[in-house]
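Engineer: Just the structure for this:
(one chain, ligands or ions: 1)
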Amino acid sequence: MSSNHTDTLLGAIMTVPPIESSRNVILLFLIPILYLAGRLWLAGEKNKGYHRLPLPPGPKGFPILGNALQLPVKAPWLQFRKWAAIHGDVYYLRMLGQHVIVLNSFEAGYDLLHKRGAIYSDRPGMSLVRDHGGWKFSVVTDPYGEDFHLKRRFINQSLNPSATKKQLGLLLENIRLFVRSAHEDPSKIQAYTRMYTGANAMMMTYGHQVKSEDDEWVKNADDAASTLEASGTIGAHSIDMWPVLGKLPFFIWGQQFVEEMERMSKATYLATTVPYNIVKQQFFDGTALPSMATSLIEENLTSDNSVANEECINGSLAITYIAGADTTVASIETFIIAMIVHPEIQREAQGAIDDLLQGERLPTFDDRESLPYVEAILKEVVRWRPVVPGGIPHRSIEDDEYKGKFIPKGSMMIFNTIAMMYNTTDFPDPENFFPRRFLNFDGTSYTLRTDIRNPEEIGFGFGRRICPGRHFALSWLWVTIATFLAVFEISAELDADGNTVLPDLEYDAGFISHPKPFKCRLRLRPEMAAAFSSADGAQ
Ligand code: HEM
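Structural biologist: Prediction:
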């Protein structure tokens, strides 16, 4: 996740490839053969069980290619959303012979991916990056199987709700440093957001302290993530669809492809094995700080001092940073932008914070339940600009039926997060950033509504694949929002003539949805000046 907003692993999964000419030639021969093979297979399967049911409705496609050419390369979820208006909450696409089911309502996502998680928790094949680019370490790309279960267990041990509580002191310490840095140089707000978000993850996973914006561990992890974007093909390359093609020499895809794959292998090694080996050495030297790495090494230590399940440990550590950094950074940036654009919301929230803190101290996690307005802003940040607008596809491993329609085994299941977040029944006037949709107001104070859909149940995915970092991410987001609101008046940057420069509300169309670069002004609020200068870390 580099600062120029390249996508992470999550981001690259569904990127549709720029089709190179050499690949076109190969596809020209392959597609008809595979199409015929698919038709034969389908014919053989006909009349078995659910096959008698119709497929869900969907847009009519072209022979062989199906709907592939109807999807834009950038932000395909916007087209998914348009089709939802015509074909309903669950519809069907065919892409080069691949069944694709698009889920556009929370109910459909929950009914299938959560309630029937036993058959909807696989991922589409990602042979290119897994088998040839070193990304096998990442649970995000793992098929539903043994490694997936082990890595999820390793990650959950450090990120479940009670383990996350043990990290709150670290988050509190880092937010105090974050606001101090931001106050000194607001022009670097985006760099600091990335640095302190990375600092949390690196300390929690490896016990590694990030002290500057160009920390090498962070840089290596960001580089690894950016190689996925460069490949432009995760999950959609011909090698992903037909892994046997990976046995052909890579130069047939062009020299640039060869170089990018080499860069990817090198970068994944630097982002995984290198930090792991350093911490392992520190563990045996007795110099390692306690972290997820030291707990896992200790737990898997054998009598001859080797470490069992080492590949899964190494992979679980690396993905915890890589999957968590870019996503959380994007949410914090959305918060700042929303506050620039809506000073009236900012003032309302600050009023609620001031009522509680009386200017005497900065917020702590103990205040969370007493600050429903801050909670409502957090929910609206998650909803208004969902970080992963097109979701991350699951894959079904059995034939199934849903509301009288057939869902074939092997279907790519896309949960269209943006459609769910902009559903006008759940969230009227969805384009509007409006935290009060989550609040009751009795004339003097706010309470959180319990009769409205919670966007946190959508934005982090579904079922057995649900984001394991969500508690950690939400804690960091909450303390960042509460502290920034308490301490700063956030406003737009001024140009040379003194005119305000509003941030662009159109985000980059990458799979991880990021705002474009922006600047802001941060004025220390007089109400909090004393509390700000006396706060120097966790209280
Ligand atoms: C605002 C911040 C975040 C958002 C919006 C987010 C969103 C998501 C989503 C949508 C998924 C896919 C779920 C699915 O397939 O059903 C996911 C998976 C994942 N997330 Fe997050 N995430 C965030 C932060 C984090 C953090 C902080 C961590 C780690 C510390 C993390 C670690 C992961 C991992 C390891 C997976 C892969 C799970 C799997 O494939 O089984 N995420 N996240």
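
Engineer: Only C-alpha atoms from now on, for both contacts and neighbour counts.
Structural biologist: Fine.

Engineer: On the three-state scheme, R94 is what?
Structural biologist: At R94, secondary structure determined by DSSP: H, G, I helix; E, B strand; the rest coil is strand.

Engineer: From G463, how far off is whichever residue of the stretch 101-250 of the chain sits closest to the ligand?
Structural biologist: Going by CA to the nearest ligand atom, the ligand is nearest to V140 of the stretch 101-250 of the chain, at 3.4 Å. To G463, V140 is 14 Å away according to CA to CA, to the nearest Å.

Engineer: Contact residues of the protein facing the ligand?
Structural biologist: When proximity is defined by CA under 6 Å from any ligand atom, the chain lies next to the ligand at 139-140, 319-321, 323-324, 327-328, 331, 387-388, 391-392, 459-462, 465-470, 472-473.

Engineer: Show me the shaky parts of the stretch 101-250 of the chain.
Structural biologist: Low-confidence segments of the stretch 101-250 of the chain, defined by pLDDT under 70: 229-236.

Engineer: Equivalent analysis for the chain, please.
Structural biologist: Where the chain drops to pLDDT under 70, the residues are 1-49, 229-236, 536-539.

Engineer: quick one, longest helix in it?
Structural biologist: Ordering each helix of the chain by length in residues (DSSP state H) puts helix 310-341 first.

Engineer: Now that one: buried residues?
Structural biologist: 311-341 (16 or more other CA atoms under 10 Å).

Engineer: Beyond that helix, next helix or strand please.
Structural biologist: helix 343-357 (DSSP states H and E).

Engineer: how far off helix 310-341 does that following helix point, in degrees?
Structural biologist: 110 degrees (axes from the mean of the first three to the mean of the last three CA atoms, to 10 degrees).

Engineer: What helices and strands are in contact with helix 343-357?
Structural biologist: For helix 343-357, the packing partners by 3 or more CA pairs under 8 Å, 6 or more residues apart in numbering; DSSP states H and E come out as helix 372-384, helix 470-487, strand 488-494.

Engineer: which other residues reach it?
Structural biologist: 339, 363, 370-371, 373-374, 482, 485-486, 489-491, 527 (CA atoms under 8 Å, 6 or more residues apart in numbering).

Engineer: Tell me how far it lies from the chain's centre.
Structural biologist: Mean-position distance between helix 343-357 and its chain equals 29 Å (CA atoms, centre = their mean, to the nearest Å).

Engineer: So for the helix or strand hosting F283, what gets flagged as buried?
Structural biologist: Under the criterion of DSSP H and E, F283 resides in helix 273-285. Neighbour counts over helix 273-285 (16+ other CA under 10 Å) mark 273, 275-276, 279-280, 283 as buried.

Engineer: CA atoms of the following helix or strand past it as PDB?
Structural biologist: Under the assignment DSSP H and E, the closest C-terminal helix or strand after helix 273-285 is helix 292-299. As requested, the backbone C-alpha atoms of helix 292-299 are provided in PDB (Å, rounded to 0.1, in the frame of the first residue of the first chain):
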ATOM      1  CA  MET A 292       1.400 -11.900  17.900                       C
ATOM      2  CA  ALA A 293       4.700 -13.300  16.400                       C
ATOM      3  CA  THR A 294       6.200 -14.200  19.700                       C
ATOM      4  CA  SER A 295       3.000 -15.800  21.000                       C
ATOM      5  CA  LEU A 296       2.600 -17.900  17.900                       C
ATOM      6  CA  ILE A 297       6.300 -19.000  17.900                       C
ATOM      7  CA  GLU A 298       6.100 -19.900  21.600                       C
ATOM      8  CA  GLU A 299       2.900 -21.800  21.100                       C
END
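
Engineer: angle of helix 292-299 against helix 310-341?
Structural biologist: Going by the same axes, to 10 degrees, helix 292-299 makes 160 degrees with helix 310-341.

Engineer: Show me where the chain has its strands.
Structural biologist: Remark: strands assigned in the chain by DSSP state E are 90-95, 98-103, 394-395, 400-402, 405-407, 412-415, 439-441, 446-448, 488-494, 500-501, 520-524.

Engineer: To G169, which of those lies closest?
Structural biologist: For these, the distance to G169 is smallest for strand 488-494, at 21.9 Å, taking CA to CA.

Engineer: Please name the strands paired to the closest one in the sheet, noting orientation.
Structural biologist: strand 500-501 (antiparallel), strand 520-524 (antiparallel) (DSSP bridges).

Engineer: looking at these, which is closest to R449?
Structural biologist: strand 520-524 (31.0 Å).

Engineer: For that closest one, could you pull out the residues that count as buried?
Structural biologist: Result for strand 520-524 [16+ other CA under 10 Å]: buried residues 520-522, 524.

Engineer: List the residues that contact L494.
Structural biologist: Applying CA under 8 Å, 6+ apart, the residues near L494 are 500-501.

Engineer: any idea how far it lies from P503?
Structural biologist: From L494 to P503 the distance is 11 Å (CA to CA).

Engineer: now do E360
Structural biologist: 32 Å.

Engineer: Over to P372?
Structural biologist: Taking CA to CA, one finds P372 at 27 Å from P503.

Engineer: And M292, by the same measure?
Structural biologist: Taken as CA to CA, the span from M292 to P503 is 38 Å.

Engineer: Equivalent analysis for P243, please.
Structural biologist: For P243 relative to P503 (CA to CA), the value is 43 Å.

Engineer: Of these two, give the one with the bigger neighbour count.
Structural biologist: P503 (20 against 15; other CA atoms under 10 Å).

Engineer: ok, P76 - how many residues close by?
Structural biologist: By the measure other CA under 10 Å, the count of residues near P76 is 20.

Engineer: Pick the most buried one from the strands of the chain.
Structural biologist: Comparing these by mean neighbour count (mean count of other CA atoms under 10 Å), strand 412-415 ranks first with a mean of 27.
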